[in-house]
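Peer 1: Show me the folded form of this:
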Amino acid sequence: SGEVEKGATGVVKIVDEASLQFMDGKGRAKEFVFDGVLGPRATQGQVFDKVQGLVGSVVDGYNVTIFAYGQTGSGKTYTMAGGGNDTDVGIIPRAIKELFARLGAKKDQYEFKVKCYFVELYVNKLIDLLGGVGSNNNNVDGRDDKLEVKLDAKRMVYVKNAKVVEVGNEEDLIDLWAKGEEMRNVSSTKMNSRSSRSHSVLSVIVETRSRATDATTTAKMSLIDLAGSERVKKSGVVGEGFKEALSINKSLTVLSDVISALSNESKFIPYRNNKLTQLMQDSLGGNSKTLMIVGISPASTEMEESLMSLHYATRARLIQNKVIKGKMIAGGGHGGVEAEKMKKMREMVERLQAENKELEKKILQQK
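Peer 2: The predicted structure is shown next:
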């Protein structure tokens with residue numbers, strides 16, 4: 001309604017369930033193709049239908065990442081966390097419920113252990129959002145200068161010294177997440193009455209043991225709510241808010257650099273240029289099935305930011321992660337992937353890379 005009052009017109013037209021047209025400032029239509037496109041009237045349930053299958057992959061032993069990107073006020077936190085009633089529940093609580101439903105369906109064949117940690121990146125500082133949860137924790141305000149982003153032997157990202165909590169059911173995990181959300185840094189801007197001033201990462205680790213063979217797998221589901229890119233002239237932030245905006249925009253610029261490098265198959269990927277990209281290292285170009293949700297405004301007043309987000313998403317779609325099941329054989333030894341499977345995987349990657357190059361040519365021709 002605010003955009004309409006400013007005299008804004010619609011510049012986005014949904015063509016079908018996988019493509020949209022964007023009218024630029026010169027009245028030219030640009031078409032963008034993605035894995036799925038949803039309009040402004042889409043329900044939270046319809047959004048989750050697009051990501052539901054990924055939750056099943058976690059149970060099967062694969063790492064999964066779901067993250068939302070877009071300018072401030074484009075609905076990222078609403079999409080990931082939800083609103084104030086049951087019908088507005090977002091991806092994070094829905095994914096948690098789906099995870100435990102799928103685990104419960106396989107309880108006769110497998111034993112499961114579920115753990116989680118929840119951190120935010122605020123002005124390039126890592127903060128443990130579960131640090132103050134529980135009576136046996138001394139770090140009551142959740143702040144810990146010793147948090148570090150690390151890679152384990154399988155190149156899975158983890159946060160050293162972050163509090164890891166084991167949970168037995170969906171209620172416990174949703175409750176932990178909700179308490180952590182309350183500790184996030186938020187403030188009001190001209191663009192958004194409740195603007196996230198930090199990036200948050202909820203990581204859920206699922207350890208699985210087969211009752212029949214004693215074989216185990218370990219997988220991680222990362223649910224990421226990115227702070228929105230913003231122009232300080234529009235958001236009107238000053239003082240600490242100005243510093244927050246600069247830090248947010250800097251981290252998102254590095255994320256864009258990483259996505260560009262990966263989509264161009266560059267030899268050097270600048271993950272270490274920011275803690276955000278270090279946190280997402282296994283999600284982008286790593287061993288994870290990753291889904292990026294981009295929120296845009298259809299209003300002409302937000303044309304430049306929306307077009308930038310669409311190009312951002314187009315580059316991200318070209319990235320091919322190397323997804324391998326996190327498998328270990330009975331007795332604790334690491335099980336390698338068979339040579340034949342590796343051969344087929346390489347052939348698949350080569351085929352997809354060829355398809356991506358053709359897609360990139362078509363995208364360049366459309367510009």
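
Peer 1: Run through the strands of the stretch 251-367 of the chain in chain order.
Peer 2: Taking DSSP state E, counting those that start in this stretch as the criterion, the stretch 251-367 of the chain carries its strands at 289-295, 327-328.

Peer 1: Highest mean neighbour count out of those?
Peer 2: strand 289-295 (a mean of 20; mean count of other Cβ atoms under 10 Å). Using the backbone N, CA and C atoms, a C-beta is placed for each residue, glycine as well.

Peer 1: Need the mean per-residue confidence for it.
Peer 2: Averaged over strand 289-295, pLDDT sits at 94.

Peer 1: Same check on stretch 216-234?
Peer 2: What stretch 216-234 shows for mean pLDDT is 82.

Peer 1: Enumerate the positions of that stretch that are buried.
Peer 2: For stretch 216-234, the neighbour count (16 or more other Cβ atoms under 10 Å) marks 216-230, 232, 234 as buried.

Peer 1: and if you look at stretch 147-156?
Peer 2: The neighbour-count check on stretch 147-156 (16+ other Cβ under 10 Å) flags 147, 149, 156 as buried.

Peer 1: just these now: which is nearest residue 175?
Peer 2: For the buried residues of stretch 147-156, the closest approach to residue 175 (Cβ to Cβ) belongs to residue 147, at 22.5 Å.

Peer 1: Surely that closest one is in contact with residue 162?
Peer 2: Yes. Using Cβ atoms under 8 Å, residue 147 makes contact with residue 162 at a distance of 5.8 Å.

Peer 1: Now the common contact residues for the two.
Peer 2: Common neighbours of residue 147 and residue 162, using Cβ atoms under 8 Å, 6 or more residues apart in numbering, are 119, 126, 128.

Peer 1: Burial check on the last one, number of neighbours?
Peer 2: This points to residue 128. Residues within reach of residue 128, counting by other Cβ atoms under 10 Å, total 25.

Peer 1: can you pull out the helices in the stretch 151-300 of the chain?
Peer 2: 170-182, 232-235, 240-263, 275-279 (DSSP state H, counting those that start in this stretch).

Peer 1: Output those as TSV; include the columns distance to residue 316.
Peer 2: TSV is the format used below for the helices of the stretch 151-300 of the chain (distance: least, Cβ to Cβ, whole Å):
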stretch	distance to residue 316
helix 170-182	25
helix 232-235	24
helix 240-263	5
helix 275-279	13
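
Peer 1: Least confident of those helices, on average?
Peer 2: Of all the helices of the stretch 151-300 of the chain, the minimum mean pLDDT falls on helix 232-235 (a mean of 54).

Peer 1: got the contact list for the closest residue to residue 32 other than its chain neighbours?
Peer 2: If the residues on either side of it in the chain are set aside, residue 32 comes closest to residue 310, at 5.1 Å by Cβ to Cβ, 6 or more residues apart in numbering. Residues near residue 310 by Cβ under 8 Å, 6+ apart: 22, 32, 294, 296.

Peer 1: quick one: which helix or strand includes the first one?
Peer 2: Right, residue 22. Using DSSP states H and E, residue 22 falls within strand 19-23.

Peer 1: Can you tell me which helices and strands that strand packs against?
Peer 2: strand 12-16, strand 29-33, helix 303-317 (3 or more Cβ pairs under 8 Å, 6 or more residues apart in numbering; DSSP states H and E).

Peer 1: Ok, which of the ones you listed comes nearest residue 66?
Peer 2: helix 303-317 (13.0 Å).

Peer 1: from the chain's centre, how far out does that closest one sit?
Peer 2: Mean-position distance between helix 303-317 and its chain equals 16 Å (Cα atoms, centre = their mean, to the nearest Å).

Peer 1: Show me which positions of that helix end up buried.
Peer 2: Residues 303, 305, 306, 307, 309, 310, 312, 313, 314, 315, 316, 317 are the ones in helix 303-317 that count as buried (16+ other Cβ under 10 Å).

Peer 1: now these as TSV including distance to residue 11?
Peer 2: Output for these, formatted as TSV (distance: Cβ to Cβ, whole Å):
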residue	distance to residue 11
303	6
305	12
306	7
307	9
309	13
310	11
312	17
313	16
314	17
315	21
316	22
317	21
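
Peer 1: and residue 118, what element?
Peer 2: According to DSSP H and E, residue 118 maps onto strand 110-122.

Peer 1: chain center to the helix or strand following that strand: distance?
Peer 2: Next helix or strand after strand 110-122 toward the C-terminus (DSSP H and E): strand 125-128. Computed by Cα atoms, centre = their mean, the chain-centroid distance of strand 125-128 equals 18 Å.

Peer 1: With respect to residue 107, which of the contacts of residue 310 is nearest?
Peer 2: Among the contacts of residue 310, residue 294 lies closest to residue 107 (Cβ to Cβ), at 36.4 Å.

Peer 1: who are the neighbours in contact with that closest one?
Peer 2: 68, 69, 70, 309, 310, 312, 313.

Peer 1: which pair in those residues spans the largest distance?
Peer 2: Across the contacts of residue 294, the longest distance by Cβ to Cβ is 14.6 Å; it joins 68 and 310.

Peer 1: I'd guessed residue 281 sits against residue 156; true?
Peer 2: No. When contacts are counted by Cβ under 8 Å, residue 281 is not listed as touching residue 156 (9.5 Å).

Peer 1: In JSON lines, list the strands of the stretch 251-367 of the chain along with distance to residue 105.
Peer 2: Below are the strands of the stretch 251-367 of the chain laid out as JSON lines (distance: least, Cβ to Cβ, whole Å):
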{"stretch": "strand 289-295", "distance to residue 105": "20"}
{"stretch": "strand 327-328", "distance to residue 105": "21"}
